[in-house]
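Asker: Have a look at this fold, sequence not included:
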């Protein structure tokens, strides 16, 4: 019996945030704080011939001018390929070259503009299709010498990731198939556009050699290790204090402002340095979604069963790999979709180009591959003459099915997400548009995503003599409502009122290790750790109550701060129990830990266990749109988004996550579009780079499916990422439904719609 | 086998402190921080007729002007008798009346001087001898209505504490005694003169109602509760972050600057407010040692055995009780000294006076009563013609003796402290002074002190995946070296290198409950908690090592970061063991708790268990002095100070504690002397109030006696307080030895010495 879990509890951080009281990274200010500015490369690829910082050093207020020479260490998650500041060459327009710290932001910018860098331009590769050509210029000629993990590369090329997967006999199956559909789909670079820009404050202690950074990040321990790597120090020399995070969506994981702040702080005699990127810098020189070109071929039999699929995916990491290697590997697996397909072949390659860095973006590759998979699913269904919904239901995973590596899947509510989305959108009927040039249509798309596996979360729960509970963990609230959800689970696990639970801010010197707040893993992993520690605390309290009142603690139960006996009668309140021991300064502590590494659920074919996921995210969206055939403009009327959450710890925040995901999917599906010319982003401002606003909002109907996961806290799985992935293909499929055209390269802009309409008209003049 | 415990490890905080890098309370600066100033009472006792703040409110930069009317709640440890700002009357010269916050300290002080307070003077009581007279003006006419603990008061008088203790038949024993010695001794008010002044920064969150304070305190949770009491909020609404403490000695426990900062912060729309007292304010309006007048009567038989003692002690709390009630009760018990005396009677009374507040001062009453006890011991020995050393040894407690309440005493190294101090000073011989007007003498004094009992300490120890250990506890480093000692114990308990242990700063929102860093309790109590948690962590590590290498963990041992097998061969280093689990983000947590409440060692006569102490501090000092008979000036040549520390976790820091104690005892014994006239301190500056300087230093020889305590961590007891208590009587006894005069009222000033010499000459003209 739960008191808070399952309730639509208002967010615990809401008052602080709506009153402007919350301290975000941009709000951090320290005494004597300096401000940084960055000289960035104007060229996509060039050798640094000389740097003259003499004028900048003499400029008013300047305290430090730092170049890459002082920081020779490279960092990176899978390949250590990136310096904090360019050392001998720049690799994209925006690559940081020199950093300046001064007593004010204005002085720093003034001095920054006095730095003279002499470049020798090099041939640049800015198109990923050309990056693997024999004569392509190499972005990292020394790639083969870099320290890296176990994944495959193609040395002496731009290919920084090579991944192949095969199951069954794909060619034989294609030969047997009644229908083979092929297509090429592309997903473009988009920006996360978190409300808060990249910002960090760093301070260096010259005596201890310790760095302290005030940051806004979703993965404190990963970021700490990346920073330590780039600084060439042990991870324990870097301490991160995490402020409120003004949105991440995957963007706040690699050192960006943090790296610049740290190298400057190293040179300012202990004065803290703040580095706050402008919005323009965030757009052109932080990290973007990994662009992908996906060739997809699927064979089906005439009964509508999929029997073979091959995929050839090319990913563009930009100038450095950051977190993209995982995207290219894990993401490419998901191009199979949530479907049983016996014969599979996947080839995934990722290339360096002389463009802005790419990386994690809500879904870690899933938004890209879902675009290809779900577009093609629609094509196949239409060619077969099967209803797209029925086609998906017929091929979709059910509880107990085997995943592609043989893992027996658990907690699979796919069918219910498809059926509920279908029903909510009124599948099968189309509303009449209000004018002849407006056409309406409906489309559906679904998706699957694994979570980072194995991974671990640790928590320390303290119950003080004041009966208040602290949930000490390194899981920064990134805006997704998880402080609330973690507090709800802690309140029920311990058995105290929600108001008595607090989740202090992350400080890597005080909060135990946690994996990233990413991959929608927090509720599940940290929740399990919290339940474990919370139950231990509750057990200690009941033992104390038993001892105090001379009753067997096994018959006692605590809920919402009240302790009940075997008959359900109130024995004592927690506060009154603790008050009896006031003089003893009672304080209870329990450490909780969950790691998926040991779970039996991960069993799979030998050698393929690493492909297993401790849980699966499944989300189906049905969209109704209206397209203006004169302008090509698409208006999304309604999106029914149904997600399998396992168990909604807080239905309200689950719905908000889904709504946010749909808005993001809509925005990157039909609006966001970088204009890039020779590696230079030409519309790097929010005036020119269009993100969805309130005017673009459709009616969004979130639907929560609860296929309880039996190793999860209260049954709950992740919810953060799925909703963003299915929206663009649902819209594209609705567009086909409305006017019979298919756009395969994102975004679905009015220009492309008009061009396709015109092409279709030419092809079918009698229409 | 220990690696660090027992070693003269340099202090872990030394580099930070000698380089000026440590952040003390005075260094705390926050963005937008305001500064406070305080209007104080010019009268010892007056009614507040009217307060006009209008001019101050209009002064430049002023953001808040606050009077006591807004904060009607009273606080106090044993009697809630004190407001944050005077409400309707002022009770001492310096009593805070109005607080002002402005954008700079100068503006705050300017505005402060514009406040007009109209007073109606009331009769004041400034002499504690007169405070119990029938017609004495009452400092707190409503005392009987105040909330208080269980101790006795005399309603409608100035007596805020009445305590009686009796054992045996004192009058009968006096009648039987061969010798009865009576005397009156007095100990004066002295200031702690911590290097750092009283300072606090407070911030108030108007939305949550939470207060956050950056403070410099020795007792975070007690201070938190006092602040909450005065603010009229629950303790959980007040969060204290503790900066480095620039000395406390008992002074940094009650809300002083903290109270003013908090009431101002309540009124500044969220801006933080810093309140930093001047040195003069610290001297006249913080808290001083409790003055005491002690009538002491002792009966002995001719063999030199003490058979009866009666004591009548009068204590002066000043205007409010703060922590003095405990001083008056626990302190008065210790006037028995470390001696077996079968018949006892103690009467202890404490009175309010219209003078500055008094309270805890290194030893909590012990410096006062030891002065009386050890002066009289010398008188008795001389009258009996017994060597003062032998007299003490003959009557002194031995291991297994009963304390006055029947508690069987454990860890009693008194004899060895007396013998080692005696030997070191060269007892029995006197060096010849270099001139005829200079006379030399030797004196000895010993002492006993209980520790706060029962009390509790909690700790959370985390071991991260980087093999570093955090010792999370609310035990601020007050300059005594305890961060080092706690880290040493943690390093040995877990089995890791000392360099890998850190003790993060106290934050009441993150660090579990601890009693105060007072009563010399930290090493013993927190040490026990650390050993418990540290061993649990070690056990978990050995279990992991056992599992990893397929060996029985019971045969493994970890020391200094290395894990050894049953044959003592290195199996693996901790870092390498953890590296194998890097991907799993291993983090181990253990909570440790020690409470003396349940110890069997506390057993005593029924109803008297509360007098028991979990350990006893024992320290003997022998002094050699030289007195100038022409000027009365005493030069202390050498002090041999021998303390029973149970086990010296760090002999270096133990010796430093002893040295510091001797300096403090010397300073308050012969130098420090407030000139007080009608309740007004007239020499409230360090130019006029003389504390010991380097020129006053004797040779100090610290001696460590180790009578291991079997319930203690590694055997260690407390060491912080004892050394300050025995120095003044050792000097006084040496003075008698040198020139045959006895000063009974502290301090032993040259004026008193000259007067006594002159009186002696008159009495013995033939001398």
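Answerer: Good, I have the coordinates. Please read these numbers as outputs of a predicted model, since none were measured by experiment. Numbering: from 1, shown residues only, chains lettered A, B, ... in the order given.
Asker: Could you pull up the contacting residues of the residue lying closest to residue A:13 once chain neighbours are set aside?
Answerer: Take residue A:13 and drop its neighbours on the chain: the residue closest to it by C-beta to C-beta, 6 or more residues apart in numbering or on different chains is residue A:483, 5.4 Å away. To be clear about C-beta, it is placed using only N, CA and C from the backbone, and glycine gets the same treatment. Neighbour list for residue A:483: A:11, A:12, A:13, A:477, A:503 [criterion: C-beta atoms under 8 Å, 6 or more residues apart in numbering or on different chains].
Asker: rerun at 6 Å
Answerer: Each residue near residue A:483 by C-beta atoms under 6 Å, 6 or more residues apart in numbering or on different chains is listed here: A:12, A:13, A:477, A:503.
Asker: Show the model's pLDDT score for the first one.
Answerer: In this case it means residue A:12. Looking at residue A:12, its pLDDT stands at 95.
Asker: How about residue A:247?
Answerer: 95.
Asker: Then residue A:536?
Answerer: 96.
Asker: For it, I want the exact helix or strand it lies within.
Answerer: Assigned by DSSP states H and E, residue A:536 falls within helix A:522-549.
Asker: Then residue A:755?
Answerer: Going by DSSP H and E, residue A:755 is part of helix A:750-763.
Asker: Got the domain ranges for chain A?
Answerer: Domain segmentation of chain A under automatic domain parsing yields A:25-122+A:198-276, A:288-451+A:615-763, A:453-598.
Asker: Name the residues of the stretch 151-300 of chain A found near chain B, please.
Answerer: Selection of the stretch 151-300 of chain A residues close to chain B by C-beta under 6 Å from any C-beta of the partner chain yields A:207, A:235, A:236.
Asker: my guess is the last one contacts residue B:467, does it?
Answerer: No. When contacts are counted by C-beta atoms under 6 Å, residue A:236 is not listed as touching residue B:467 (8.4 Å).
Asker: So for these two, which sits in the more crowded spot?
Answerer: Taking other C-beta atoms under 10 Å in any protein chain shown, residue A:236 and residue B:467 do not tie; residue B:467 has more neighbours (21 against 18).
Asker: contacting residues around the more buried one?
Answerer: Here residue B:467 is in contact with B:574, B:575, B:578 (C-beta under 6 Å, 6+ apart).
Asker: In helices, which of those residues appear?
Answerer: B:574, B:575, B:578 (DSSP state H).
Asker: Present those as a markdown table; the columns should include pLDDT.
Answerer: Below are these laid out as a markdown table (pLDDT from 0 to 100):
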| residue | pLDDT |
| --- | --- |
| B:574 | 97 |
| B:575 | 94 |
| B:578 | 92 |
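Asker: Just send those back as CSV, with distance to chain A and neighbour count too.
Answerer: Shown next, in CSV, are these (distance: C-beta to the nearest C-beta, whole Å; neighbours: other C-beta atoms under 10 Å in any protein chain shown):
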residue, distance to chain A, neighbour count
B:574, 13, 24
B:575, 10, 16
B:578, 11, 21
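Asker: Can you redo those as CSV, where the extra columns are distance to residue B:130?
Answerer: Formatted as CSV, the ones in helices among the contacts of residue B:467 follow (distance: C-beta to C-beta, whole Å):
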residue, distance to residue B:130
B:574, 67
B:575, 69
B:578, 69
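Asker: Now do the strands in the stretch 301-450 of chain A.
Answerer: For the stretch 301-450 of chain A, applying DSSP state E, counting those that start in this stretch gives strands covering A:306-318, A:343-352, A:358-359, A:438-450.
Asker: Need the contact partners of stretch A:728-742.
Answerer: A:371, A:374-375, A:378, A:439-445, A:621, A:623, A:625, A:627, A:665, A:669, A:743, A:756-757, A:760.
Asker: Mind giving me the PyMOL command for buried ones among those residues?
Answerer: Entered in PyMOL, the line below selects the buried ones among these, by 16 or more other C-beta atoms under 10 Å in any protein chain shown:
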select buried, chain A and resi 371+374+375+378+439+440+441+442+443+444+445+621+623+625+627+665+669+743+756+757
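Asker: mind checking how far whichever residue of the stretch 201-350 of chain A sits closest to chain B is from residue A:211?
Answerer: Residue nearest to chain B within the stretch 201-350 of chain A: residue A:236 (4.7 Å; C-beta to the nearest C-beta). In this view, residue A:236 and residue A:211 are 11 Å apart by C-beta to C-beta, to the nearest Å.
Asker: Now do the buried residues in stretch A:202-212.
Answerer: For stretch A:202-212, by 16+ other C-beta under 10 Å, it's A:202, A:203, A:204, A:205, A:210, A:211, A:212.
Asker: okay if I get the residues you listed as a markdown table plus pLDDT and secondary structure?
Answerer: A markdown table is the format used below for these (pLDDT from 0 to 100; DSSP: H, G, I helix; E, B strand; the rest coil):
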| residue | pLDDT | secondary structure |
| --- | --- | --- |
| A:202 | 97 | strand |
| A:203 | 95 | strand |
| A:204 | 94 | strand |
| A:205 | 89 | strand |
| A:210 | 92 | strand |
| A:211 | 96 | strand |
| A:212 | 96 | strand |
